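> Structural data only, the sequence is not supplied:
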């Protein structure tokens, strides 16, 4: 088996980039990643994005971004798995390098969400749920996640304030991340007082709308050996798993089985266990997602993650540290690109050059990116050489 | 290098399936392909589709289709490259099998286009062109192809009637194809009298709107050896290349350079030349695409394809025979799935069980699927064992 290395990473700050279209954003992260890798020209480009077809009225985004970057006449396409598109694209690029057909594949995630009325963006985001069996009957995407949160809190007797520890930690972690959308701390009281979106989900349980782009350049072991600056981080395990888009056909509201399937396979590939992981970047579009994923990934028993969080687990200094970036809640969530941000962030943590909250001495990291409320999960385990 | 085999294929008839949604269509082709392969369970699913995000208001199509087929808890995602999505998805699955991570990957192309007003479908199709640099200025997708057709006819002194030989042959080829949308022959006079869509493109130069689904199941050499019915067809060469979405930044209106790049690489991988190919399925969304692609693929000198066609080249009995299925023009063009139809059709030609016009004794075949008016090209070369 040939190793796949992360040779370069790049990101834009997440926020309202009124002066930039999605090609402008993609160019910033892509050229940063190429520069970071010492100028390697990608042989193929995987673009990850959820909403350009609906919001930006532009398809063929693989060709659009690749040619826009000056990288014509090579393979390029778009990979979509709703909010899990980024991770799916990285997994794709990983298999492409593993195939032996490519030595250098660039993944560019890009999402431009802020040029539209909120109602338009929200209805486009809802396409991550089932149009016929959920949305048609008036369920909103936040409402579906609220069902999961309420069920979890009732079943495991977890209080509102205990759940609030997650967004409080996220906002605290994000303060020093220059790429994060938010840089202000919040309190549990702020969460409790914030507007109800879909009870029990409040505004401060919810990830924001923002524009952004992240890129990672994956290279083969063969190419890595030839580079003047040998890449320090490789993908030791990577897998994806899907489940029904509609929540009603899952076995339980407090489980995300696809996360467990993807994680177990990725751990096995990497020869690691949850206790070996130093840093994780977890998909917390809503508070409940972050809490449940900690459990599915093996970092806490079922029903215990929120309680452990309130005892100080997963905070900076603990192993694993969860979402030093600030997570989707505070770093931001430009939906189709989030999974690429996570891989870029964890790669920088392991290299020791993440410009925000750093997990000192981290040798192993894990990312998990989710589509919908548990329909498309990808897990990547990264290691320092 | 491990070979990648086509172990199973499946298709639906293309047309107006008012009683079927896209999951119903996908189920028909997917289960046919699985049955055709002797019941192999796919380890991963690649869904190809262009329009569900815009027309069907459903994203996360990888999970949606995979779970809908009962194939949860494994990798699945959507690949999009506009009208070239199908070929891009097959290329993707090919790299996945080549990676050694998967022994059986199912590609399911599906497109549901007929539940909407024609103006909605046409504007969604136009997203294969550049939203900012073409559509905003009033160019239509057909209009852009009309520029190419007019330029080609003027430059090479090709008449309207000479161009019409293409759709006439396509409609003739489709008559016996049970999966084709149209089963009636047309004449050059019919073409000349048909409505102008964007001069010089007439209605009978244009592929129709239709629903459909096609699937192919790709397997590794290792798995192929273990199957009771050993697959007879393998992918000998496969590549993709992209170019600018906007026509204005290409070098010439009578060239599709990405097609040449993809074809040259695929020929090299297969160790074959154009003269070795027995049957081709070419992307003819409009007459001009079919004619120009014959040239870029090396089957005719530049400017000569239409003339050669009128001398009987590429007709049934010639080598290569072009589009025995009837092509996009008459077999139909459910956009994001067309590239999968092509691979399924050529695999059946080489196995000798295509249920329409058959190319007797065909040993080698080539497919080419295009996104936009030349922005995303994929080429697959198939061989009989």
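Received, thanks. Note that the coordinates shown come from a computational prediction; the quantities given were computed from them, not determined experimentally. Numbers count the residues shown, from 1 in each chain, chains lettered A, B, ... in the order given.
> List the contacts of residue A:93.
Contacts for residue A:93 (C-beta atoms under 8 Å, 6 or more residues apart in numbering or on different chains) come out as A:44, A:46, A:105-107, A:216, A:218. Quick note: C-beta positions are derived from backbone N, CA and C, even for glycine.
> Turn those residues into TSV, including distance to residue A:303 and pLDDT.
Shown next, in TSV, are those (distance: C-beta to C-beta, whole Å; pLDDT from 0 to 100):
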residue	distance to residue A:303	pLDDT
A:44	43	98
A:46	37	98
A:105	40	98
A:106	41	98
A:107	35	98
A:216	34	98
A:218	37	98
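> Those residues: which two are farthest apart?
Of all pairs drawn from these, the one with the longest distance (C-beta to C-beta) is A:44 and A:216, at 13.2 Å.
> Would you mind telling me which of the two has the busier surroundings?
Neighbours per residue (other C-beta atoms under 10 Å in any protein chain shown) separate residue A:44 from residue A:216, with residue A:216 holding more: 35 against 28.
> My read is that residue A:36 contacts residue A:11, right?
No: look at residue A:36 against residue A:11 with C-beta atoms under 8 Å: they stay out of range, at 10.4 Å.
> Comparing those two, which residue is more hemmed in?
Remark: of residue A:36 and residue A:11, residue A:11 carries more neighbours, 27 against 24, as counted by other C-beta under 10 Å.
> what's across from that one in the sheet?
Following DSSP bridges, residue A:11 is listed with bridge partners residue A:214.
> My read is that it contacts residue A:29, right?
Yes: contact criterion C-beta under 8 Å: residue A:11 and residue A:29 qualify, at 5.5 Å.
> And for residue A:228, the neighbour number?
6.
> To clarify, my last question referred to residue A:219.
That count, for residue A:219 with other C-beta under 10 Å as the rule, works out to 28.
> in which helix or strand would I find it?
Assigned by DSSP states H and E, residue A:219 belongs to strand A:212-220.
> Report the distance from that strand to the chain centre.
Relative to its chain's centre, strand A:212-220 lies at 13 Å (C-alpha atoms, centre = their mean, to the nearest Å).
> Remind me what that strand packs against, helices and strands.
strand A:4-11, helix A:22-36, helix A:85-98, strand A:104-111, helix A:338-351 (3 or more C-beta pairs under 8 Å, 6 or more residues apart in numbering or on different chains; DSSP states H and E).
> Would you mark the buried spots in stretch A:167-180?
A:167-174, A:177, A:179-180 (16 or more other C-beta atoms under 10 Å in any protein chain shown).
> what does stretch A:300-315 give?
A:300, A:303-310, A:313-314.
> ends of it, how far apart?
Criterion C-alpha to C-alpha, to the nearest Å; first-to-last residue distance in stretch A:300-315 is 14 Å.
> tell me the contacts of whichever residue of the stretch 251-385 of chain A sits closest to chain B?
Closest contact between the stretch 251-385 of chain A and chain B, by C-beta to the nearest C-beta, is at residue A:375 (3.9 Å). Shown in contact with residue A:375 (C-beta under 8 Å, 6+ apart): A:82, A:84, A:128, A:242-245, A:258, B:60, B:63-64, B:67.
> and what of residue A:183?
By C-beta under 8 Å, 6+ apart, the neighbours of residue A:183 are A:174-175, A:177.
> so which of the residues you listed comes closest to chain B?
Among these, and counting by C-beta to the nearest C-beta, the member closest to chain B is residue A:174, at 27.1 Å.
> and for residue A:44 and residue A:216, which residues touch both?
Common neighbours of residue A:44 and residue A:216 (C-beta under 8 Å, 6+ apart) are A:93, A:106.
> Could you verify my assumption that residue A:168 touches residue A:188?
Yes: Residue A:168 is within contact range of residue A:188, at 5.8 Å (criterion: C-beta under 8 Å).
> hey, what's in contact with both of residue A:11 and residue A:29?
Contacts common to residue A:11 and residue A:29, judged by C-beta under 8 Å, 6+ apart, are A:213-215.
> Could you dump those residues into JSON lines with pLDDT and neighbour count added?
Listed next are those as JSON lines, based on pLDDT from 0 to 100; neighbours: other C-beta atoms under 10 Å in any protein chain shown:
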{"residue": "A:213", "pLDDT": "98", "neighbour count": "33"}
{"residue": "A:214", "pLDDT": "98", "neighbour count": "35"}
{"residue": "A:215", "pLDDT": "98", "neighbour count": "35"}
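> tell me which residues of the lowest-mean-pLDDT helix or strand in chain A are tucked away?
Lowest by mean pLDDT, DSSP states H and E among the helices and strands of chain A is helix A:118-125, with a mean of 92. Buried residues in helix A:118-125, counted by 16+ other C-beta under 10 Å: A:121, A:123-125.
> and residue A:77, that one's in a strand?
Yes: under DSSP: H, G, I helix; E, B strand; the rest coil, residue A:77 falls within a strand.
> phi, psi of the closest residue to it other than its chain neighbours?
Spatial nearest neighbour of residue A:77, chain neighbours left out: residue A:62 (3.8 Å); criterion: C-beta to C-beta, 6 or more residues apart in numbering or on different chains. With angles defined as degrees, to the nearest 10, residue A:62 sits at phi -60, psi -50.
> Would you mind confirming that residue A:62 makes contact with residue B:88?
Yes: the pair residue A:62 / residue B:88 is scored as a contact, 7.4 Å apart, by C-beta under 8 Å.
> Give the residues shared as contacts by those two.
A:77, B:80-81, B:376.
> Does anything pack onto the least confident helix or strand of chain A? Which helices or strands?
Going by 3+ C-beta pairs under 8 Å, 6+ apart, helix A:118-125 lies up against no helix or strand.
> Other residues contacting the helix or strand following it?
Remark: after helix A:118-125, the chain's next helix or strand is helix A:141-156, criterion DSSP H and E. The contact list for helix A:141-156 (C-beta under 8 Å, 6+ apart) reads A:122, A:125-126, A:128-129, A:134, A:158-160, A:163, A:197-201, A:205-206, A:247, A:253-254, A:285-289, A:291-292, A:302-304, A:306, A:372-373.
> buried set for helix A:141-156?
A:141-150, A:152-153, A:156.
> among the contacts of residue A:375, who's most crowded?
If you rank the contacts of residue A:375 by neighbour count (other C-beta under 10 Å), residue A:84 sits at the top with 36 neighbours.
> Wait, that residue touches residue A:369, no?
Yes: between residue A:84 and residue A:369 there is a contact at 5.0 Å, judged by C-beta under 8 Å.
> Contact partners for residue A:369?
A:83-84, A:86-88, A:283, A:338-339, A:342, A:377-378.
> Let me have those in JSON lines, adding pLDDT and distance to chain B as columns.
Formatted as JSON lines, those follow (pLDDT from 0 to 100; distance: C-beta to the nearest C-beta, whole Å):
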{"residue": "A:83", "pLDDT": "97", "distance to chain B": "8"}
{"residue": "A:84", "pLDDT": "98", "distance to chain B": "8"}
{"residue": "A:86", "pLDDT": "98", "distance to chain B": "11"}
{"residue": "A:87", "pLDDT": "98", "distance to chain B": "10"}
{"residue": "A:88", "pLDDT": "98", "distance to chain B": "4"}
{"residue": "A:283", "pLDDT": "98", "distance to chain B": "14"}
{"residue": "A:338", "pLDDT": "98", "distance to chain B": "14"}
{"residue": "A:339", "pLDDT": "98", "distance to chain B": "11"}
{"residue": "A:342", "pLDDT": "98", "distance to chain B": "17"}
{"residue": "A:377", "pLDDT": "98", "distance to chain B": "9"}
{"residue": "A:378", "pLDDT": "98", "distance to chain B": "8"}
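> Quickly name whichever of those is closest to residue A:19.
residue A:338 (22.3 Å).
> contacting residues around that closest one?
Per C-beta under 8 Å, 6+ apart, neighbours of residue A:338: A:83, A:86-87, A:109, A:283, A:328, A:369.
> Same question for residue A:356.
Residue A:356 neighbours (C-beta under 8 Å, 6+ apart): A:173-174, A:176-180, A:324-326.
> picking up where we left off before, restrict the contacts of residue A:183 to contacts with chain B.
On the criterion C-beta under 8 Å from any C-beta of the partner chain, none of the entries of those sits beside chain B.
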